[in-house]
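[1] Structure of the sequence below:
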Amino acid sequence: MSDFYTLKTDLRAFGGGTPISYAYDKAELVSGQDDIEQGEMVGTVEDETLEQTFVVRWTRDGLVMGAPGATGAFAGIARDSAKGIHRLGNQSALSLTELSVMTTGVHNLIGLSGDEFEHGVVVYMSTTDTTKVTVTQGSGGVAVGTVHLPNSKAITGDNKKRVPVLIDEYTIAQA
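    Reported below is the predicted structural model:
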């Protein structure tokens, strides 16, 4: 996987994907995972020991996110790349302490092969890939947005085509 800037447009007044910075610590990720890359779906978990909210890689159902196995809530799309910053060197000063997340906007995410994406259809993260969406909820799938194609025909996913997805707290309510 490589970094990909997904934001296409923002439909809300603030614009720019309404970025919010969350605390980031690789130790909070599930054991063995690489750093989060730009364009990945991310969520937040509470670390009760540190009394802090951390950004972690999103899981389809919001369960077992982060090292402590905590459940979390969908936050948005990673605007920064924790992995990308390491290309600049391995100095401790280049270790991220915060990661910016776009919490709104229309984002170009990869459509799962064979799925038909039409305007207004609710989408979910694919089974394991944090850059792909599917129209199938499956077991425990949490909605991450709706397809935004107001003046276009449907898109058939092929694991390569980008599908515009509106991520917005007013469109998709999180538990």
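[2] you'd agree Arg57 is up against Thr131?
    No: in this structure Arg57 lies outside contact range of Thr131 using CB atoms under 8 Å: 10.9 Å. Any C-beta I mention is one placed from the backbone N, CA and C, and that applies to glycine too.
[3] what do those two both touch?
    Counting by CB atoms under 8 Å, 6 or more residues apart in numbering, the shared contacts of Arg57 and Thr131 are Glu40, Met41.
[4] In contact with the closest residue to Ala154 other than its chain neighbours, which residues?
    In space, Ala154 comes closest to Glu118 once its chain neighbours are excluded; the distance is 4.4 Å by CB to CB, 6 or more residues apart in numbering. Contacts here follow CB under 8 Å, 6+ apart; on that basis Glu118 touches Val147, Leu149, Ala154.
[5] Could you report the pLDDT at Glu118?
    For Glu118, the model assigns a pLDDT of 96.
[6] returning to what we had before: name only those of the contacts of Glu118 that count as buried.
    Val147, Leu149 (16 or more other CB atoms under 10 Å).
[7] Doesn't Ile85 belong to a helix?
    Yes: Ile85: assigned to a helix according to DSSP: H, G, I helix; E, B strand; the rest coil.
[8] mind checking how far it is from Met125?
    Distance, Ile85 to Met125, by CB to CB, to the nearest Å: 24 Å.
[9] where's the most centrally placed residue in the chain relative to Leu88, distance?
    With distances taken as CA atoms, centre = their mean, Met41 lies nearest the centre of the chain, 1.3 Å away. Distance from Met41 to Leu88, counting by CB to CB: 25 Å.
[10] hang on, the earlier thing: need the contacts of Glu118 in JSON lines with pLDDT, secondary structure and distance to Leu109, can you?
    JSON lines is the format used below for the contacts of Glu118 (pLDDT from 0 to 100; DSSP: H, G, I helix; E, B strand; the rest coil; distance: CB to CB, whole Å):
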{"residue": "Val147", "pLDDT": "94", "secondary structure": "strand", "distance to Leu109": "10"}
{"residue": "Leu149", "pLDDT": "93", "secondary structure": "coil", "distance to Leu109": "13"}
{"residue": "Ala154", "pLDDT": "94", "secondary structure": "coil", "distance to Leu109": "15"}
